[in-house]
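>>> dropping the sequence and predicted coords here.
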Number of protein chains: 4
Amino acid sequence: MPKLGMEPIRRAALVKATIAEIGEVGSLEVTVSRIARRAGVSSALAHHYFGAKEDLLVAAMRHILATYGAGVRAALAGATTPRARISAILHASFASDNFEPAVIAAWLNFYVHAQGNTGARRLLTVYHRRLRSNLVHALRPLVGAAADDHAETLAALIDGLYIRQALGAAPDGPRAEARVAAVLDRMLEKPQ
Amino acid sequence: MPKLGMEPIRRAALVKATIAEIGEVGSLEVTVSRIARRAGVSSALAHHYFGAKEDLLVAAMRHILATYGAGVRAALAGATTPRARISAILHASFASDNFEPAVIAAWLNFYVHAQGNTGARRLLTVYHRRLRSNLVHALRPLVGAAADDHAETLAALIDGLYIRQALGAAPDGPRAEARVAAVLDRMLEKPQ
Amino acid sequence: MPKLGMEPIRRAALVKATIAEIGEVGSLEVTVSRIARRAGVSSALAHHYFGAKEDLLVAAMRHILATYGAGVRAALAGATTPRARISAILHASFASDNFEPAVIAAWLNFYVHAQGNTGARRLLTVYHRRLRSNLVHALRPLVGAAADDHAETLAALIDGLYIRQALGAAPDGPRAEARVAAVLDRMLEKPQ
Amino acid sequence: MPKLGMEPIRRAALVKATIAEIGEVGSLEVTVSRIARRAGVSSALAHHYFGAKEDLLVAAMRHILATYGAGVRAALAGATTPRARISAILHASFASDNFEPAVIAAWLNFYVHAQGNTGARRLLTVYHRRLRSNLVHALRPLVGAAADDHAETLAALIDGLYIRQALGAAPDGPRAEARVAAVLDRMLEKPQ
DNA sequence: CATGAATGAGTTTTCATTCAT
DNA sequence: TATGAATGAAAACTCATTCAT
């Protein structure tokens, strides 16, 4: 039983437990004690590593966004055409990892939380900007000046599908992805 | 000197205060005391009229949905063509009353809340069904069998625009409406 | 069993319990729960009326100073000569009410607390200024320009006797008073 | 690479850090972690060397009293007349080392702490006895039977000046010393 | 109709202390 | 000799909720 280098392990476990707990409770009114118990440690340890509950929540949000960002980047790496780039983004967005119930629930909760919390809002803004930039970048060669507008619409649609998934019984990534793709197709059909 | 017939007045004031408070705090972690103070009554009275806090929250949600529903119905009343019906729904969705910051914030919070609360979920399901039914009904003459699918897409887009508004500085109803209209136009352009 | 107008009663009981508790524990590391229990109420009520623990402590300090101030004022009212004025101040300082163990202990603790707490410090500064002003006022006709200096010395001596009383088994007000009077006598014997 | 003979170094560093920390916080509600960090070691080490926090506090107090005692002894060594002996005691009491803010703050805190703590009280009693004995010893040849009484008064005055210094902005040793000397002079002027 | 009074239950947070390495 | 890891215990504080008036 190693006693050194536990920090990263505990941090990861706590972040994971936080997401799971939010997913289960369906709200951020989750107790540090329960999160800690789920992670197999005392609540004191959670505070030891993360400070306040808020920091733990932000860390969880950051984790989700980082995972999502990594997924997008990986998918983009293999895309050669503009259209493929967009598909890559969509695919990553609705990929199983980011689209499992607990993650969606946590995502949605953070979305709400960002309304009143600076740290969370900052994180979300970064995500927004990145998604938008990726979409615009890929759309530009295809639709020119309309890229900005279309990007905004697609981003909203993605978020809308996410939010609806949070309430649906079983999430269906491929179907959501297809839905966005359909809208995209119409955009490209007759640009402008 | 206790007045008669105060009940509806108090209830309305409390519901209104609840929405305002949620809008200000940006979360459902709002205290009954503050809501009551905002409504100019004691917290005991809030419990007297609504029972538990949860019931007050659900009442607020019901109020928002009712207001929205009434707006849609009123708008539909003046619409003669299918296309006009859809426009009416969209217009009502992004009309100033339903689209002011506090209402959007409350809406979003209830959306999240519905994940773990039966009463809230039921209410939301009703809203979902009604929106969908309205859209399908209007789309059917225009796109036939694709109506279901398109309705789903439009509904998701509406929700997505709502959620994004919750974080944006100033909500912009007309712009959001135009965005959905643009997607709709493309759907109708080349049906199926 | 009256249910209205309890606030002043509870506040007084809590302040009294606070002083008693500090006297017993001998430190400000006293819990709100114990204070509340001693006052016969729940700890929640203590917070309800006083806000934070700190505020309760400051209220207790303010109470002690107010009692002391009232005692001094009452004693001064009957004093006609300068010398009698000083005696009155001393007598009030070491009077049984202000000189009972719990009060001395609380006083001393507040003295320390004032080092790091703005509210407490302000209160103590007021006490200091008032004591000094009273002493200077009474000494001036007797010793002229040396009044300031003598006042300072007497004040320090009073505080020193207080602090020592805090550790002694049984406080002995008359003896402490006599000690200050002796120093005072020598000051007046050969002024300046 | 663990070094040998570190114990005295660590102990001294921890005691010093304790006094500094108390001076900064202005209370004994100081954490072992912070003291340890200030001393450049882990909190576990503080416990390793001192056992409980309480023991560390007592060690700090003992250090202060020992330093003070050494100062007095050194000063007394050079004093030949009774009057010079008293001056030596006073001078040592208000010498810069014992009279710097952190030390005064710690002293005052220990004074309070002694109310409820046996170890601290014992230490303080020893200090009291020693001071008193030194003063009486020096006063006896000058004032005879009044020595006891005068010693008590001087000791109280010294403590009072200390306590007042704890709250004053900048400590002023020489001035405090002069104040005691003035009272002493009057005592000696007309013995009895 | 309305509220001041009151509290139980719970939550975050802090900290001294222990222990295996 | 020294520490990172970990926790139990306790404390402050909050809040929904009840009740007598």
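Perfect, thanks for sending it.
>>> ok and the residue in chain A nearest chain C?
Closest approach of chain A to chain C (Cβ to the nearest Cβ) occurs at A:A52, with a separation of 18.3 Å. The C-beta positions use only the backbone N, C-alpha and C, and glycine is treated the same way.
>>> which pLDDT does the model give that residue?
Here, the pLDDT recorded for A:A52 equals 97.
>>> so how far is B:R129 from it?
A:A52 sits 41 Å away from B:R129, going by Cβ to Cβ, to the nearest Å.
>>> next one: A:A59
Distance from A:A59 to B:R129, by Cβ to Cβ: 38 Å.
>>> quick one: classify the closest residue to chain B within chain A as helix, strand or coil.
Here chain A gets closest to chain B at one residue, A:G160, 2.6 Å apart by Cβ to the nearest Cβ. Per DSSP: H, G, I helix; E, B strand; the rest coil, the secondary structure class of A:G160 is helix.
>>> and it, how many neighbours?
Residues lying near A:G160 (other Cβ atoms under 10 Å in any protein chain shown) number 25.
>>> check contacts around the residue nearest to it when sequence neighbours are not counted.
Closest residue in space to A:G160, ignoring its immediate chain neighbours: B:G160 at 2.6 Å, by Cβ to Cβ, 6 or more residues apart in numbering or on different chains. Shown in contact with B:G160 (Cβ atoms under 8 Å, 6 or more residues apart in numbering or on different chains): A:A155, A:A156, A:L157, A:I158, A:D159, A:G160, A:L161, A:Y162, A:I163.
>>> any low-confidence regions in chain A?
Across chain A, the ranges flagged by pLDDT under 70 are A:1-2, A:169-170, A:190-192.
>>> for A:D185, state which of the contacts of B:G160 is nearest.
Comparing the contacts of B:G160 against A:D185 with Cβ to Cβ places A:L157 closest, at 12.9 Å.
>>> so how far is the particular helix or strand that has that closest one in it from its chain's centroid?
According to DSSP states H and E, A:L157 maps onto helix A:147-167. Counting by Cα atoms, centre = their mean, to the nearest Å, helix A:147-167 is centred 13 Å from the centre of its parent chain.
>>> check stretch A:13-31 too.
Offset of stretch A:13-31 from its chain centre (Cα atoms, centre = their mean): 15 Å.
>>> convert that stretch to CSV, retaining C-alpha atoms only.
Extracted C-alpha coordinates of stretch A:13-31, given in CSV (Å, rounded to 0.1, in the frame of the first residue of the first chain):
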residue,chain,number,x,y,z
ALA,A,13,-11.1,10.0,-7.4
LEU,A,14,-12.8,13.0,-5.8
VAL,A,15,-13.5,14.7,-9.1
LYS,A,16,-14.9,11.5,-10.5
ALA,A,17,-17.1,11.0,-7.4
THR,A,18,-18.3,14.5,-7.7
ILE,A,19,-19.6,14.0,-11.2
ALA,A,20,-21.2,10.7,-10.3
GLU,A,21,-22.8,12.2,-7.3
ILE,A,22,-24.2,15.2,-9.2
GLY,A,23,-25.5,12.8,-11.8
GLU,A,24,-27.2,10.8,-9.2
VAL,A,25,-28.7,13.6,-7.2
GLY,A,26,-29.4,15.7,-10.3
SER,A,27,-28.3,18.9,-8.6
LEU,A,28,-25.3,20.7,-7.2
GLU,A,29,-26.8,20.4,-3.7
VAL,A,30,-24.6,17.5,-3.2
THR,A,31,-22.7,17.1,0.1
